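K.L.:
give the three-dimensional model of this entry:
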Amino acid sequence: KLMMTHRPTVVNRLLEMGRHIIFSDADVVWLKNPLAHIQQVFMNNDPIVHILGQFDKKRICPGFTVYRACPEVIKFIDMWQDDLSKGDPSKNQVPFNNVLDVAMSSGIPVPDHNGNTTVKKITAAFLP
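P.N.:
You can find the predicted model right below:
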């Protein structure tokens, strides 16, 4: 449980350093190498995919997720961390998808380097 509580913090530290993140829980089994698909999706900038994840009942399972290093995703992770801290940290999939639904539909406030805030939407895709 403690590790799940700190996952967003660790992910955000790496995103803030400009690193894209591939996060995989220890119990995830890869049936084939996903790196070619990840590279194809992340190299395509039309549309930009911010979060790429494992399909689980029409939701993204944060147990295997790829995050693009950008302000929108950093803000998304901050919001996930806030929502996660309100409940059981071992139940991280529901807060993750609740925040993702908001980020994809109405957008999230993202501050720029000048202190201005604009609302931006997140784009997510499923791994095959």
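K.L.:
output the below-cut-off pLDDT ranges for this structure.
P.N.:
Under the criterion pLDDT under 70, the flagged ranges of the chain are 1-5, 46, 89-90.
K.L.:
return the residue of this structure that is most distant from the centre.
P.N.:
Seen from the C-alpha centroid of the chain, the residue lying at the greatest distance (CA atoms, centre = their mean) is Asn114, 24.6 Å away.
K.L.:
what's around Gln81, how many residues?
P.N.:
Applying the criterion other CB atoms under 10 Å, we find 18 residues in the vicinity of Gln81. The way it works is simple: take the backbone N, C-alpha and C, and place the C-beta from them, glycine included.
K.L.:
what about it, which SS state?
P.N.:
Assigned by DSSP: H, G, I helix; E, B strand; the rest coil, the conformation of Gln81 is helix.
K.L.:
quick check: the gap between it and Asn114.
P.N.:
Between Gln81 and Asn114 the computed distance is 25 Å (CB to CB, to the nearest Å).
K.L.:
elements contacting the longest strand belonging to the chain?
P.N.:
With secondary structure taken from DSSP state E, the chain has its longest strand at strand 59-67. The helices and strands touching strand 59-67, judged by 3 or more CB pairs under 8 Å, 6 or more residues apart in numbering; DSSP states H and E, are helix 2-16, strand 21-24, helix 35-43, strand 51-56, helix 93-105.
K.L.:
mind putting these into CSV with distance to Thr118?
P.N.:
Rendered in CSV, the data for the helices and strands packed on strand 59-67 read as follows (distance: least, CB to CB, whole Å):
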stretch, distance to Thr118
helix 2-16, 19
strand 21-24, 24
helix 35-43, 23
strand 51-56, 19
helix 93-105, 14
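K.L.:
adding distance to Ile122 and mean neighbour count, write the ones you listed out as a markdown table.
P.N.:
What follows is the helices and strands packed on strand 59-67, written out as a markdown table (distance: least, CB to CB, whole Å; neighbours: other CB atoms under 10 Å):
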| stretch | distance to Ile122 | mean neighbour count |
| --- | --- | --- |
| helix 2-16 | 13 | 15 |
| strand 21-24 | 15 | 15 |
| helix 35-43 | 14 | 12 |
| strand 51-56 | 6 | 19 |
| helix 93-105 | 4 | 18 |
